[in-house]
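Participant: Could you work out the structure for the sequence below:
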Amino acid sequence: MLALEGIPLGHRFTFLEPSPDPPAATVGTVIPAAYDDPGALARIAREADVVTYEFENVPAASAAYLAERLPVLPPPRALGATQDRLAEKQMFKSLGIPTAPFHSLDTPGDLATALATARLPAVIKTRRFGYDGKGQIVARSPAEAATALDTLGPGLIAEQFIHFERELSILAVRSRDGRRVSYPLTENHHRGGILRASYAPAPGITPALQARAADFAARIMDQLDYVGVLAIELFLKNDRLLANEMAPRVHNSGHWTLDGADTSQFENHIRAVTGLPLSAPRVPGPAAMLNIIGELPDPSAVTAVPGAHLHLYDKVPQPGRKLGHVNITGSDEATIRASAEQIWALLPGEPPVLPAGRRPG
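Facilitator: Predicted structure coming up:
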């Protein structure tokens, strides 16, 4: 999707990817090698003008090697801040960004102190490599926390379980010259730890709440001298925003921007890392994004739904795998909701459970 948005801007793309035939092969050259392969990294350094990445588990050493030879954006220090959940939370705290109470947890001797800080129920998480609900366990008693430590540890963080009212995300972009723009807050819904649906702009968000989220993003981006798209996942509780985690990349909760904004997150990311001016995104109306997970629907049925835009990733279906998404655009929330209900009937699995009395977008 980065390449599809960057090609019209005059750019060509090369991808470093362990799989020999990834979806991106249709839009650029693929170097089929491990992310830390010395020959592959040397080739990238010779042939590329700028390097970016689209997930945060890139080896930090590989990013550092390339950064000595050409621009790597977002900067490698952003990887360091997001590859360790404890370091990430500590950075939030240092910047005055509220979070759930947290504490490191590595040994049984840490357990009492960690639970005194995080309090029960707590979420016990691996500090590195967790995603889509993996690498985390909810503990409701000290015994369950001890079991989680045995199962996941060492190298953990304990965080207070937040009974949030809504889960939101803010996507912001920073250019090489420090200019920043942001997209409307997006409301996200998960099932089984995987994002199933996003609604934008999040219904009922006040300008003050939007400004607060954008300010959080600005603090982080300025601290890291960040360039590119940054996503921050947030919990809303009692009119307070709590930062859960961030992603130094284009983000699944922003895929709606491909059809719901005049400039997508992908185009703005390419603009940022290549030194082009950012576009302040305009969002003409409500939009929704529904992930396609595990099985492919009938494309004819999906595209027959009013306002539906189908995006398939050319991936082999596997349980739990994101195979594509459907964006829905329309003139009002009722139209979006009606089309979303038709799409849910065509997708595998159950839709996410929405809070009682609330039906977004």
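
Participant: average pLDDT for the longest helix anywhere in the chain?
Facilitator: The longest helix of the chain (DSSP state H) is helix 207-224. For helix 207-224, the mean per-residue pLDDT is 98.

Participant: Distance from the chain centre to stretch 210-225, please.
Facilitator: 16 Å (C-alpha atoms, centre = their mean, to the nearest Å).

Participant: ugh, wrong one, stretch 52-67
Facilitator: 17 Å.

Participant: and it, how far apart are its ends?
Facilitator: End-to-end distance for stretch 52-67: 10 Å, by C-alpha to C-alpha, to the nearest Å.

Participant: One more: stretch 170-182?
Facilitator: 7 Å.

Participant: For it, the averaged confidence score.
Facilitator: Average pLDDT, stretch 170-182: 98.

Participant: List the buried residues of it.
Facilitator: Within stretch 170-182, the residues scored as buried using 16 or more other C-beta atoms under 10 Å are 170-176, 180-182. Every residue, glycine included, has its C-beta placed from N, CA and C.

Participant: Geometric centre of this protein: which residue is closest?
Facilitator: H251 (3.5 Å; C-alpha atoms, centre = their mean).

Participant: surely L95 meets M221?
Facilitator: No - using C-beta atoms under 8 Å, L95 is not in contact with M221; the gap is 10.6 Å.

Participant: Between those two, tell me which one has more neighbours.
Facilitator: M221 (22 against 14; other C-beta atoms under 10 Å).

Participant: so what's the more buried one closest to, chain neighbours aside?
Facilitator: Once flanking residues are discounted, M221 sits nearest to R174: 4.3 Å by C-beta to C-beta, 6 or more residues apart in numbering.

Participant: which residues touch that neighbour?
Facilitator: By C-beta atoms under 8 Å, 6 or more residues apart in numbering, the contact set of R174 is 180, 221-222, 226-228, 230, 272.

Participant: re earlier: tell me the spacing between the residue nearest to the centre of the chain and P76.
Facilitator: In this view, H251 and P76 are 19 Å apart by C-beta to C-beta, to the nearest Å.

Participant: In the protein, where is pLDDT below threshold?
Facilitator: 130-133, 353-361 (pLDDT under 70).

Participant: okay, now the domains of it?
Facilitator: Domain ranges of the chain: 2-82, 101-160, 166-346, per automatic domain parsing.

Participant: okay, those domains, which one's buried deepest?
Facilitator: Highest mean neighbour count among the domains of the chain (mean count of other C-beta atoms under 10 Å): domain 166-346, with a mean of 19.

Participant: can you give me how far it is from the chain middle?
Facilitator: Averaged C-alpha coordinates place domain 166-346 at 8 Å from its chain's average position (C-alpha atoms, centre = their mean).

Participant: which residues pair with I293 across the strands?
Facilitator: K322 (DSSP bridges).

Participant: and the end-to-end length of stretch 300-312?
Facilitator: 13 Å.

Participant: what does that stretch contact?
Facilitator: Applying C-beta under 8 Å, 6+ apart, the set of residues contacting stretch 300-312 is 1, 255, 258-259, 292, 296, 299, 323-330, 335-336, 338-339, 342-343, 346.

Participant: can you redo the domains of the chain as TSV with distance to E88?
Facilitator: Converted to TSV, those look like this (distance: least, C-beta to C-beta, whole Å):
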stretch	distance to E88
domain 2-82	6
domain 101-160	9
domain 166-346	6
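
Participant: To K89, which of those domains lies closest?
Facilitator: Taking C-beta to C-beta, domain 101-160 is the member of the domains of the chain nearest to K89, at 5.0 Å.

Participant: Quick check: phi and psi at N291.
Facilitator: Phi and psi for N291, reported as degrees, to the nearest 10, are phi -80, psi 140.

Participant: Quick check: closest non-adjacent residue to it.
Facilitator: Among residues not flanking N291 along the chain, H325 sits closest, at 5.1 Å (C-beta to C-beta, 6+ apart).

Participant: In contact with that neighbour: list those residues for me.
Facilitator: 252, 255, 289-292, 311.

Participant: Try it again at 7 Å.
Facilitator: 255, 289-292, 311 (C-beta atoms under 7 Å, 6 or more residues apart in numbering).

Participant: Please tell me how far it sits from R176.
Facilitator: Taking C-beta to C-beta, one finds H325 at 30 Å from R176.

Participant: Name the SS class of A145, please.
Facilitator: For A145, the assignment made with DSSP: H, G, I helix; E, B strand; the rest coil gives helix.

Participant: Out of the buried residues of stretch 170-182, which comes closest to L276?
Facilitator: S175 (8.2 Å).
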